[in-house]
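J.: need a structure here:
(chains A, B, C and D)
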Number of protein chains: 2
Amino acid sequence: MMTLTEENYLKALFHLSTENEEVSVLDLSKSLAIKMPTVNSMVKKLSGKGLISYEKYKPLMLTQSGKRAAGLIIRKHRLVEMFLVQHLGFGWDEVHEIAEQIEHIKSQRFFDRIDQLLDFPKVDPHGSPIPDTNGEIVFQNYIKLEECVENQNIVFMSVGSSQDSFLKLIDRLNLKLGDKIKVLEIQEFDKTMRVLVNEAIEQNLSQMVAANILVRI
Amino acid sequence: MMTLTEENYLKALFHLSTENEEVSVLDLSKSLAIKMPTVNSMVKKLSGKGLISYEKYKPLMLTQSGKRAAGLIIRKHRLVEMFLVQHLGFGWDEVHEIAEQIEHIKSQRFFDRIDQLLDFPKVDPHGSPIPDTNGEIVFQNYIKLEECVENQNIVFMSVGSSQDSFLKLIDRLNLKLGDKIKVLEIQEFDKTMRVLVNEAIEQNLSQMVAANILVRI
DNA sequence: CTAAAATGTTAGAATAGTCTAACAAAAAAT
DNA sequence: ATTTTTTGTTAGACTATTCTAACATTTTAG
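T.: Model prediction:
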């Protein structure tokens, strides 16, 4: 049985591994807001459990078993987020913290029931994929709105950041997952995008925002 | 902020206090399955926080603030149990363990939403009262079926034990909260009761079972 | 009313997870 | 190719919660 702490290390390492080619002790330390020596010793411990493959001064990597374990935790997290939004009426900017706690509940059946109640969702409220019952994730090949060109038609599928302030901004812009977006114009000066949403409303999006809006063609 | 451990001590002391006139360190130790010296030091710590009033060699008591805190934890526990039964389809014998974990989630709003979703229930799936938002409990004055006499008509309102084996037995006897019960006959030898349930089915209940069936007249 | 039993307390050690300080290795910069 | 900076590691200490062993007090029984 894994402790809550160990689960958090695995999860963080998993996320970092998808974002970067190599993950250092320092990366993990920053991401968890835990000092390097602590991370170092925990990494050794998890290596002892066969969840992380660790060699001194080398980048950190999850083993197959570590990947699976992390995937299963992320699965729980995202199922819970979905439940909080769909059944308890929380906003997508409010669910992370609560899911962060509930994901550690020890009860396979609890999460199975939630999954069933939600009719086996494939993505969470932020458009991120929910790992399957083996912890396996199917990565979507979305692109950043930032990378789109003028006159391109795309669909808003996911967000690149789940930061509170970003999600609240998207809400205020009245943007929702599934919205159809047409790029009208890109300012040469600051890359600000003028877009048409659902063939109805025009909006200006800063490059930073556009970089965190993930779309499919 | 209280730790999960502290919350468990308070909750246990609260329950013991309702069952017994005086609660000793030994009682608490047994109830938590934690050794006396450990309990002793935790009790001192909680006394320092103003949650337990403690004097050496004297019975343990919750302070007002301790009672309120314990009541609020029990509120969360029972709300969650109700949710698990009503929305996730768990049996009343399966919910305790999971609620034991979820009760410690730090999010007022989460429990408020659950409360709302359940339409502000007053009792949990075992018929136990759910404390109000101030941690206040309204105790019901139910009596044990054991204490009833022949030909008495009563209603099954609550269980005196939430032990798995007892709840499963009640299920197997097809008894449900709210059922009308008529005492037909009490065996002089072993106090076994022959009862009529919902004017339809006759059942024999051992004294031990009857002692854990709480009814109102 | 004393002796034995039960209960309670203190002292000291163990574990998990955290930290700081000091040292070591690798990477980057001159 | 050294020096400096960054990153990584080791050692040792701290807190929370637990334990065992030893001792103290209270309660119960003769």
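J.: what segments of chain A are helices?
T.: When secondary structure is read from DSSP state H, chain A shows helices at A:4-19, A:25-32, A:36-48, A:64-88, A:95-102, A:108-117, A:164-172, A:207-211.
J.: tell me which of those sits most buried.
T.: Among the helices of chain A, helix A:64-88 has the highest mean neighbour count (mean count of other Cβ atoms under 10 Å in any protein chain shown), at a mean of 21. C-beta here means a position set from N, CA and C on the backbone, and glycine is covered the same way.
J.: which residue lies nearest the spatial centre of chain A?
T.: Centrality entry for chain A: nearest residue to the mean C-alpha point is A:Ser128, 5.5 Å, by Cα atoms, centre = their mean.
J.: pull the contacting residues for that one.
T.: Under the criterion of Cβ atoms under 8 Å, 6 or more residues apart in numbering or on different chains, the contact partners of A:Ser128 comprise A:Arg78, A:Ser158.
J.: tell me the gap between stretch A:54-72 and the middle of its chain.
T.: Counting by Cα atoms, centre = their mean, to the nearest Å, stretch A:54-72 is centred 18 Å from the centre of its parent chain.
J.: so that stretch, near DNA strand C or not?
T.: Yes - remark: stretch A:54-72 sits within contact range of DNA strand C at A:Tyr57, by Cβ under 7 Å from any atom of the strand.
J.: A:Ile201 is nearest to which of the helices of chain A?
T.: Across the helices of chain A, A:Ile201 has its closest neighbour in helix A:164-172 (12.7 Å, Cβ to Cβ).
J.: packing partners of that closest one?
T.: Secondary structure elements in contact with helix A:164-172, counted by 3 or more Cβ pairs under 8 Å, 6 or more residues apart in numbering or on different chains; DSSP states H and E, are strand A:153-159, helix A:207-211.
J.: and the shortest one, average pLDDT?
T.: What it means is helix A:207-211. Taken as a whole, helix A:207-211 has an average pLDDT of 96.
J.: so which elements touch it?
T.: On the basis of 3+ Cβ pairs under 8 Å, 6+ apart, helix A:207-211 makes packing contacts with helix A:164-172.
J.: how does it look with 10 Å?
T.: Helix A:207-211 makes packing contacts with strand A:143-144, helix A:164-172, strand A:180-186, strand A:193-197 when contacts are defined by 3 or more Cβ pairs under 10 Å, 6 or more residues apart in numbering or on different chains; DSSP states H and E.
J.: distance to B:Leu26 for these - can I get that in CSV?
T.: Formatted as CSV, the entries for those read as follows, by distance: least, Cβ to Cβ, whole Å:
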stretch, distance to B:Leu26
strand A:143-144, 64
helix A:164-172, 48
strand A:180-186, 68
strand A:193-197, 67
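J.: how about those in TSV, adding mean pLDDT?
T.: As requested, those are arranged in TSV below (pLDDT from 0 to 100):
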stretch	mean pLDDT
strand A:143-144	96
helix A:164-172	96
strand A:180-186	96
strand A:193-197	96
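J.: name the residues that touch stretch A:71-78?
T.: By Cβ atoms under 10 Å, 6 or more residues apart in numbering or on different chains, the surrounding residues in contact with stretch A:71-78 are A:2, A:6-8, A:10-11, A:14-15, A:62, A:95-96, A:99-105, A:107-108, A:110-111, A:114-115, A:121-126, A:128-137.
J.: buried stuff in stretch A:189-200?
T.: A:Thr192, A:Met193, A:Val195, A:Leu196, A:Val197 (16 or more other Cβ atoms under 10 Å in any protein chain shown).
J.: which one of the helices of chain A lies closest to B:Asp171?
T.: Ranking the helices of chain A by distance to B:Asp171, with Cβ to Cβ as the measure, places helix A:108-117 first at 17.4 Å.
J.: burial count for A:Asn174?
T.: The local packing of A:Asn174 (other Cβ atoms under 10 Å in any protein chain shown) involves 11 other residues.
J.: scratch that, A:Leu60
T.: The number of residues packed near A:Leu60 is 23, by other Cβ under 10 Å.
J.: skipping adjacent residues, who's closest to it in space?
T.: Once its chain neighbours are removed from consideration, A:Leu60 has its nearest residue in A:Val23; the separation is 4.9 Å (Cβ to Cβ, 6 or more residues apart in numbering or on different chains).
J.: gap between that neighbour and DNA strand C?
T.: 14 Å (Cβ to the nearest atom of the strand, to the nearest Å).
J.: what residues are up against that residue?
T.: When the contact criterion is Cβ under 10 Å, 6+ apart, the partners of A:Val23 are A:Ala12, A:Leu13, A:Phe14, A:His15, A:Leu16, A:Ser17, A:Ser31, A:Pro59, A:Leu60, A:Met61, A:Leu62.
J.: repeat that for 8 Å
T.: Under the criterion of Cβ under 8 Å, 6+ apart, the contact partners of A:Val23 comprise A:Leu13, A:Leu16, A:Ser17, A:Pro59, A:Leu60, A:Met61.
J.: noted, bye for now.
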